[in-house]
Structure formats: structure tokens, C-alpha cells
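Participant: Quick one, what's the 3D model for this:
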Amino acid sequence: MAVKFHKMHGLGNDFVLLDLRHQDFSIDKNTAKKLANRHTGIGCDQVLILRNPLNDRFLATFEVWNADGSRAEQCGNGVRCLGLYLHMRSETPTGSFSLGGPAGPVEIECLEDGNVRVDMGQPVFEANRIPVLMTAVDGWYSLEIDQKKYRLGAASMGNPHALMVVDDIETIDVAHMGAIISRHPAFPQGCNAGFAQIIDRGNIRLRVFERGADETSACGSGACAAMSILHQADLVDETVNVTQAGGNLILSWTKEENSVIMTGPATHVFEGNWT
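Facilitator: Okay, the predicted model is just below:
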């Protein structure tokens with residue numbers, strides 16, 4: 001049976017979106033892997049599923065499946081794509097609206113300049129809630145990789161993230177280091193492993209090895225986690241431009257709510273039917 005899909009991306013982090021509010025289609029680990037396969041399927045980093053809302057608070061609910069068939073709790077670039085998709089269908093109200101996700105609600109606003117603004121909520125730094133099985137010293141964790149000690153920050157944006165500050169983003173072996181950190185026993189649920197080069201207090205460069213998808217051209221929740229960890233350490237200001245391979249995101253820290261606001265583009269590429 002065919003299912004209608006939409007191919008979208010946020011800064012090159014690409015998605016297959018299935019709106020199952022009006023289609024009868026069952027997804028599981030194997031189906032997600034088939035959809036995500038770039039040779040025999042459609043191809044994507046993550047599969048986004050849109051479903052009917054659980055209550056009147058939300059416009060819709062969503063879930064995220066990684067390319068390897070595992071589930072993800074949060075996806076910043078994907079949330080912006082969901083916002084754009086609903087806006088394209090003229091379903092979005094004026095101002096902000098809420099979607100229900102695996103990690104809780106997200107507030108979205110589609111801006112007149114074509115960008116999408118998302119309130120990603122409060123970052124979590126408590127080790128048992130990230131979770132991470134290490135003890136922080138002055139906010140940083142020590143992790144041994146290839147018989148060498150490295151300093152990591154960690155936070156949850158609804159999904160677990162680790163961050164290493166590096167001198168040069170181009171020379172770090174993200175595939176090797178990212179895989180080790182992402183699957184390290186110190187992170188019992190795995191994590192997205194970020195590598196940040198601080199240009200100045202308002203600009204960083206970032207690469208992220210995503211749990212379940214390897215390195216992607218951009219990671220929205222990873223950018224939010226990186227900004228949060230660096231802001232917590234007083235290494236960046238309250239508004240930061242995060243440059244990734246796919247482009248830029250603007251991250252802002254709200255003093256009142258202690259939440260992170262992410263602003264950036266989303267793109268609809270094409271639609272089709274998958275059998």
C-alpha cells in the first residue's frame with residue numbers, strides 16, 4: 001500500500017515526513033530503516049511522523065525515527081520542518097502554536113522572513129536526568145578515549161548531548177571520536193556528540209555525530225545543547241550564531257524561562273508516494 005510522503009530538510013539535515021493524521025500506515029524499526037535507506041528507499045537522516053493531537057493544547061503530535069530504526073526524543077531541525085509543513089497547509093494560527101513530542105511540547109512560530117522559530121525548552125544539566133554516569137567537576141566531565149583524557153560538557157534538550165570544545169573543527173576526527181562518545185557506557189542511553197570551536201562570544205562552529213544517524217550536516221538540538229553548555233560555562237553570550245556545514249542557526253537564551261530559542265530555515269524539497 002502506498003503512503004504519501006514529503007522530503008524536507010533543515011540546513012541539509014534531511015527528513016522523510018509522513019502525515020499519518022489522514023493515512024493508515026504502520027511504522028516500525030524495519031520500515032523506518034527502509035524509508036531512510038539512500039540506495040533502496042527515499043533516503044534521510046530521520047523519519048518524521050505527524051499524528052493527531054492528544055488534546056486541544058496541541059496542533060498535532062510527532063515522533064522521530066533515526067536512520068538506523070531507533071527512536072529519537074527530540075529533533076530541532078525536524079521540528080522546524082514540521083512547522084513549515086503545517087504552515088504550507090495553512091493549518092498554523094497567527095503567532096506561535098504547540099506540537100506534542102516525545103520529550104514534551106515545543107512552541108513554534110513561522111516568521112515572515114521564511115525562518116521558523118522554536119522554543120526548545122529548558123536544558124537539563126543534572127547528570128541523572130541527561131543521563132550520564134560520571135561526576136562533573138566545575139561543570140565538566142572527564143572521559144578517556146584512546147588512552148587520553150578529554151573534557152566534555154553534557155546536557156539534555158529532551159535527548160542526551162555531549163560537547164567537546166576543540167581548537168580547530170576541521171582537524172577533529174568526528175567519525176571516530178563521535179562514535180566512541182555517542183556509544184560510550186558513560187551515556188547509558190547513548191548521546192549526540194558535539195564538537196565546538198569557539199570563534200568569539202557570539203559565534204561558534206559546530207559538528208555533531210548524531211546517535212542513530214552518524215554525522216549530519218546540521219543538528220538543531222545539538223546546537224541548542226552546545227550553546228547551553230557554553231553559556232553555562234560563561235564562554236558565550238546570550239545570543240549565539242552557530243555555524244554548521246549546512247548553514248547557520250541563531251540561538252538565544254531567555255532569562256525569564258531559562259529556555260533556548262532556535263531560529264533558522266526549513267525547506268520543502270518534494271513530495272511523492274512510497275510503496
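
Participant: Run through the bridge partners of residue 195.
Facilitator: On the basis of DSSP bridges, residue 195 takes part in beta bridges with residue 164, residue 207.

Participant: wait, doesn't it sit right on residue 173?
Facilitator: No - the pair formed by residue 195 and residue 173 falls short of the contact definition of CB atoms under 8 Å, at 9.6 Å. For glycine as for every other residue, the C-beta is placed from the backbone atoms N, C-alpha and C.

Participant: Look at these two and report which has more neighbours.
Facilitator: Comparing residue 195 with residue 173 by other CB atoms under 10 Å, the one with more neighbours is residue 195, at 25 against 10.

Participant: List the contacts of the more buried one.
Facilitator: With contact taken as CB atoms under 8 Å, 6 or more residues apart in numbering, residue 195 is in contact with 163-164, 166, 169, 172, 174, 177-178, 206-208.

Participant: Can you pick out the most distant pair from those?
Facilitator: Using CB to CB, the pair of the contacts of residue 195 lying farthest apart is 177 and 206, separated by 14.0 Å.

Participant: Looking only at neighbour counts, state which of those two leads.
Facilitator: In this comparison of residue 177 against residue 206, neighbours counted by other CB under 10 Å, the higher total goes to residue 206 at 23 against 18.

Participant: what about the strands in the stretch 1-150 of the chain?
Facilitator: Using DSSP state E, counting those that start in this stretch, the strands of the stretch 1-150 of the chain run over 3-10, 13-19, 46-51, 60-66, 71-72, 97-101, 104-110, 116-119, 141-145, 148-156.

Participant: okay if I get those as JSON lines plus distance to residue 190 and mean neighbour count?
Facilitator: Compiled in JSON lines, the strands of the stretch 1-150 of the chain are given as follows (distance: least, CB to CB, whole Å; neighbours: other CB atoms under 10 Å):
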{"stretch": "strand 3-10", "distance to residue 190": "22", "mean neighbour count": "22"}
{"stretch": "strand 13-19", "distance to residue 190": "18", "mean neighbour count": "25"}
{"stretch": "strand 46-51", "distance to residue 190": "15", "mean neighbour count": "22"}
{"stretch": "strand 60-66", "distance to residue 190": "10", "mean neighbour count": "22"}
{"stretch": "strand 71-72", "distance to residue 190": "10", "mean neighbour count": "19"}
{"stretch": "strand 97-101", "distance to residue 190": "18", "mean neighbour count": "20"}
{"stretch": "strand 104-110", "distance to residue 190": "20", "mean neighbour count": "19"}
{"stretch": "strand 116-119", "distance to residue 190": "23", "mean neighbour count": "22"}
{"stretch": "strand 141-145", "distance to residue 190": "14", "mean neighbour count": "15"}
{"stretch": "strand 148-156", "distance to residue 190": "12", "mean neighbour count": "19"}
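
Participant: need the ones you listed in a markdown table with distance to residue 273 and mean pLDDT, can you?
Facilitator: A markdown table is the format used below for these (distance: least, CB to CB, whole Å; pLDDT from 0 to 100):
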| stretch | distance to residue 273 | mean pLDDT |
| --- | --- | --- |
| strand 3-10 | 6 | 98 |
| strand 13-19 | 11 | 98 |
| strand 46-51 | 16 | 98 |
| strand 60-66 | 19 | 98 |
| strand 71-72 | 25 | 96 |
| strand 97-101 | 25 | 96 |
| strand 104-110 | 26 | 95 |
| strand 116-119 | 26 | 97 |
| strand 141-145 | 45 | 96 |
| strand 148-156 | 37 | 97 |
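
Participant: between the ones you listed, which one is nearest to residue 269?
Facilitator: Between residue 269 and those, the tightest spacing by CB to CB is seen for strand 3-10, at 4.3 Å.

Participant: residues touching the nearest residue to residue 61 once chain neighbours are set aside, list them.
Facilitator: When the adjacent residues along the chain are set aside, residue 61 lies closest to residue 100, with 3.9 Å between them (CB to CB, 6 or more residues apart in numbering). Applying CB under 8 Å, 6+ apart, we find residue 100 in contact with 53-54, 57-58, 60-62.
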